[in-house]
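Peer 1: When you get a sec, could you give me coordinates for this:
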Amino acid sequence: MHLIVDGMNVIGSRPDGWWNDRHAAMVRLVDRLERWASHETDDVTVVFERKPHPPITSTVIEVAHAPRAAADSGDDEIVRLLKAHKDPKVVRVVTSDRWLADAARAEGATVEPAEPFRDRIDPA
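Peer 2: Below you'll find the predicted structure:
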């Protein structure tokens, strides 16, 4: 299974003050995804709406971003990744964004809501 994670959607699923330091929240999410993915067989890609600055790198998961920061640009990038995937049926998209969930299903992917996924990788 290949997991494509709507990064800001997962971050925003818990009101933990992430908005005070967006970059730190992105780093924390990548850290949680790395820890989780190291015990799973899934390939994981997290997509952000803008390029993290400073860059966030990982040797465990893929950290991706939209080519240009704009409203819904992360969602558009996830759809582009799905369309480019050789077999979207083996992809699960993690998001609670209704439009993105519908678009992912239309491409053949499955969808998992952001909040329960966040609870799995980062228990409160």
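Peer 1: could you point out the longest helix in this structure?
Peer 2: helix 22-37 (DSSP state H).
Peer 1: other SSEs contacting it?
Peer 2: Packed against helix 22-37 by the contact rule (3 or more Cβ pairs under 8 Å, 6 or more residues apart in numbering; DSSP states H and E) you find helix 7-11, strand 43-48, helix 114-121. Every residue, glycine included, has its C-beta placed from N, CA and C.
Peer 1: Buried deepest among these, which one?
Peer 2: Of those, the one with the most neighbours on average (mean count of other Cβ atoms under 10 Å) is helix 7-11, at a mean of 24.
Peer 1: Name the surrounding residues that touch it.
Peer 2: With contact meaning Cβ atoms under 8 Å, 6 or more residues apart in numbering, helix 7-11 is reached by 18, 25-26, 29, 46-49, 74, 94-97, 100, 114, 117-118.
Peer 1: ok now do the closest residue to residue 49 other than its chain neighbours, which residues does it touch?
Peer 2: Closest residue to residue 49 apart from its sequence neighbours, by Cβ to Cβ, 6 or more residues apart in numbering: residue 74 at 3.8 Å. Taking Cβ under 8 Å, 6+ apart, we find residue 74 in contact with 6-9, 47-49, 65-66.
Peer 1: Can I get stretch 50-58 in PDB? Just the C-alpha atoms.
Peer 2: Provided in PDB are the C-alpha atoms of stretch 50-58 (Å, rounded to 0.1, in the frame of the first residue of the first chain):
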ATOM      1  CA  ARG A  50       4.200  24.900   0.200                       C
ATOM      2  CA  LYS A  51       7.800  24.000   0.200                       C
ATOM      3  CA  PRO A  52       9.000  23.800   3.800                       C
ATOM      4  CA  HIS A  53      11.500  26.400   4.700                       C
ATOM      5  CA  PRO A  54      14.000  25.400   5.900                       C
ATOM      6  CA  PRO A  55      13.600  22.100   4.000                       C
ATOM      7  CA  ILE A  56      12.400  19.000   5.800                       C
ATOM      8  CA  THR A  57      14.100  15.800   4.700                       C
ATOM      9  CA  SER A  58      13.600  12.100   5.500                       C
END
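Peer 1: Having no further points to raise, I will conclude here.
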